[in-house]
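[1] Pasting the sequence and the predicted model now:
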Amino acid sequence: MELDIVDLSRLQFAITALYHFLFVPLTLGLSVLLAIMETVYVMTDRPIWRQMTKFWGTLFGINFVLGVATGIVMEFQFGMNWSYYSHYVGDIFGAPLAIEGLMAFFLEATFVGLFFFGWDRMSKRGHLVATYAVAAGSNFSALWILVANGWMQNPVGSAFNVDTMRMEVTDFAAVIFNPVAQAKFVHTVSAGYVTASLFVLGVSAWYILKGRHVALARRSMTVAASFGLAASLSVVVLGDESGYLTTEHQKMKLASMEAMWETEPAPASFTLFGIPDESKRETLYAVHIPYAMGIIGTRSLDTPIEGITELVESAKGHIRSGVIAYDALKTIRSAGSLDAVDPAVRTAFEDNGEYLGYALLLKRYVDDPTEATDADIEKAAWDTAPPSLPLFFAFRLMVGLGFFFILLTGVFFYLSARRTMEDRRWLLWVAVFATPLPWLAAELGWFVAEFGRQPWIIEGVLPTAAAVSSLGAGTVLLTICGFVLIYTVLFIIEMSLMIAAIRKGPQPDDGPEQDHARPSPTTPKLVPAE
């Protein structure tokens, strides 16, 4: 298959984004776990909790540095590879990114320094405040990034300006409190909490299996199992909310995820398993759960869910309306302003302007959308349906992993409460080998979210193909090779540092609260005979 500039630009951004998100969830989750552990230390004054906080904090620090380095690259890509996108929506998309840098990242980075270097220079409560600030900064970073991404999925609080030919903010509060963005935020951070919990659980299980640092590992597993169970349950609940919002705002994404070719009458069933056949537009060997999709997708038993075929027919009408808006916009641009044109032209644009982005889908087939044939419109309409097969299986694997995390953390929560974790070595090995699974689930989630909204870079507003920079394919391919090489080296370094830190284990705390540093005043010292 020959790749063009659009495919290569998408591939480059996918590589860098998926790589960056290897670090984000662990940073989100570990920051909160550190705050929990240090809170216990401050409340109990038991040195082992300080030792735990410092040990897991070391792993957090290694991960944090790589996350920052890879995140900065992604923001530069918007200007390099997606210059028209940056021009077209920069007034809206750029604001959350700027706030993220000023309000969240600098907060996080500043207090990270206090966390590592302030142990013996600050009071216990002062250091605890710094740790909570690290956790708050991490989560604020995710909030503003997901506000920006949520707007791409559901572009509210904005309008197209015919004078500037750009999208502009009309209601910034609507952008911030976009229901899609808020649902994505809580779902994403909960997934990060699960990732960190299973990471701590897996490393602690390995220590117990090896008979090393058992006291620290037991306590770490108790915290991780408790926090992880709550987070795993919240991921499922919040994922259900995301499914409902997808039905409302991204009907084609939902239909493609479900391989729902025809409209499903109420109450819609959920396809537990099947093999989508794109050529026949049917799902083979389908196994259905009655009513489930209706409850998840519509919160009702009397609302049908539109299928791909019907949504494509709707897209044809949107494309034709978009062509009317595109033709009117050409006249307006020639006249110089909206007020200078015939009222009929202005009315045509105002009535159809919301579908202008659909006309741009025709750019793949004709230079001027007003010259498109019915065949061109037919092909452009079917372009609005992303391939169903990868979405279908990616979504189900992600959901299956989510329920597995509930089961795993639930079992360890029960065992930790009964203090019998060490009696079931096979379960400890399950925890060790399950450590990377939350990353797989998180990456699958982003794949479903981003691949599922193609061909749009901004849902219903700007096609991905219209957003790229005017670069040569060779240039983009060269940068892809460079990123893969550099990121592979960074990944090897990061994994080496993490593994080395885990093998080395927690170090004896050299602070004044060290257990063995203060003999009890009531216990006589044993002095060896000379």
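    Structure's in. What do you need? What you see is a predicted model; the values in this text were computed from it and never measured. Numbering: from 1, shown residues only.
[2] Which residue ranges make up each domain of the protein?
    Per automatic domain parsing, the domain ranges recorded for the chain read 5-252+386-511, 260-298, 308-383.
[3] Low-confidence ranges, the stretch 101-250 of the chain, go.
    Low-confidence segments of the stretch 101-250 of the chain (pLDDT under 70): 104.
[4] Run through the strands of it in chain order.
    In the stretch 101-250 of the chain, the segments counted as strands under DSSP state E, counting those that start in this stretch are 158-161, 166-169.
[5] can the ones you listed go into TSV with extra columns for mean neighbour count?
    C-beta coordinates here come from the backbone N, C-alpha and C atoms, glycine included. Output for the strands of the stretch 101-250 of the chain, formatted as TSV (neighbours: other C-beta atoms under 10 Å):
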stretch	mean neighbour count
strand 158-161	16
strand 166-169	17
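[6] Quick one: residues contacting the closest residue to L114 other than its chain neighbours.
    Among residues not flanking L114 along the chain, A130 sits closest, at 4.0 Å (C-beta to C-beta, 6 or more residues apart in numbering). For A130, the contacting residues are 111, 114-115, 118, 122, by C-beta atoms under 8 Å, 6 or more residues apart in numbering.
[7] what's the burial count for T420?
    By other C-beta atoms under 10 Å, 10 other residues sit near T420.
[8] Tell me which residues are up against stretch 428-446.
    17-18, 21-22, 25, 187-188, 191-192, 194-195, 198-199, 201-206, 208-209, 394-395, 397-398, 401-402, 404-405, 408, 412, 421-422.
[9] which residues does N149 contact?
    181, 184.
[10] Helices of the stretch 201-350 of the chain, residue ranges please.
    Assigned by DSSP state H, counting those that start in this stretch, the stretch 201-350 of the chain shows helices spanning 214-249, 251-257, 292-298, 308-335, 343-352.
[11] deepest of these, which one?
    Burial of those is given as mean neighbour count (mean count of other C-beta atoms under 10 Å); helix 251-257 ranks first at a mean of 25.
[12] hmm, who's touching that helix?
    243, 246-247, 260-261, 297, 305-308, 311, 315, 384-388, 391-392, 395, 448, 452-453.
[13] Quick check: A442 vs H187, distance?
    With distances taken as C-beta to C-beta, to the nearest Å, A442 is found 10 Å from H187.
[14] Same question for G113.
    30 Å.
[15] Looking at those two, which one has more neighbours?
    H187 (22 against 11).
[16] which residues touch the residue nearest to the more buried one when sequence neighbours are not counted?
    Excluding the flanking residues, the one nearest H187 by C-beta to C-beta, 6+ apart is L238, at 4.3 Å. Residues in contact with L238 (C-beta under 8 Å, 6+ apart) are 183, 186-187, 190.
[17] how does it look with 10 Å?
    If you count contacts by C-beta atoms under 10 Å, 6 or more residues apart in numbering, L238 has them with 182-191.
[18] helices and strands around the lowest-mean-pLDDT helix or strand in the chain, which ones?
    None of the helices or strands of the chain scores lower by mean pLDDT, DSSP states H and E than helix 292-298, at a mean of 79. The contact analysis (3 or more C-beta pairs under 10 Å, 6 or more residues apart in numbering; DSSP states H and E) places helix 292-298 against helix 214-249, helix 251-257, strand 270-277.
[19] Now tabulate those in CSV and tack on distance to W56.
    What follows is the helices and strands packed on helix 292-298, written out as CSV (distance: least, C-beta to C-beta, whole Å):
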stretch, distance to W56
helix 214-249, 7
helix 251-257, 36
strand 270-277, 38
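[20] closest one to T488 among the ones you listed?
    The stretch from those with the least distance to T488 (C-beta to C-beta) is helix 214-249; that distance is 29.6 Å.
[21] Off-centre distance for that closest one?
    How far helix 214-249 lies from its chain's middle: 15 Å, per C-alpha atoms, centre = their mean, to the nearest Å.
[22] And stretch 500-507, by the same measure?
    Centroid separation for stretch 500-507 versus its chain: 30 Å, with C-alpha atoms, centre = their mean.
[23] Any buried residues in it, and which?
    The neighbour-count check on stretch 500-507 (16 or more other C-beta atoms under 10 Å) flags 501-502, 506 as buried.
[24] Give the rounded mean pLDDT of it.
    Stretch 500-507 comes out with an average pLDDT of 89.
[25] So which residues make contact with that stretch?
    48, 51-56, 58-59, 61-62, 202-203, 206-207, 210, 212-213, 215-217, 220.
[26] give me that answer again for 7 Å
    51, 55, 58-59, 62, 203, 212-213, 216 (C-beta atoms under 7 Å, 6 or more residues apart in numbering).
[27] Closest one to L356 out of the residues you listed, please.
    I62 (47.1 Å).
[28] Would you mind confirming that the closest one is in contact with M495?
    No: the criterion here is C-beta atoms under 7 Å, and I62 misses it with M495 at 9.7 Å.
[29] Who has more neighbours out of those two?
    Legend: neighbour count by other C-beta under 10 Å for I62 and M495, higher for I62 (20 against 12).
[30] do you know how far the more buried one is from I493?
    Noted for I62: a distance of 9 Å to I493, by C-beta to C-beta.
[31] Also S416?
    Counting by C-beta to C-beta - S416 and I493 are separated by 34 Å.
[32] Thanks a lot, see you next time.
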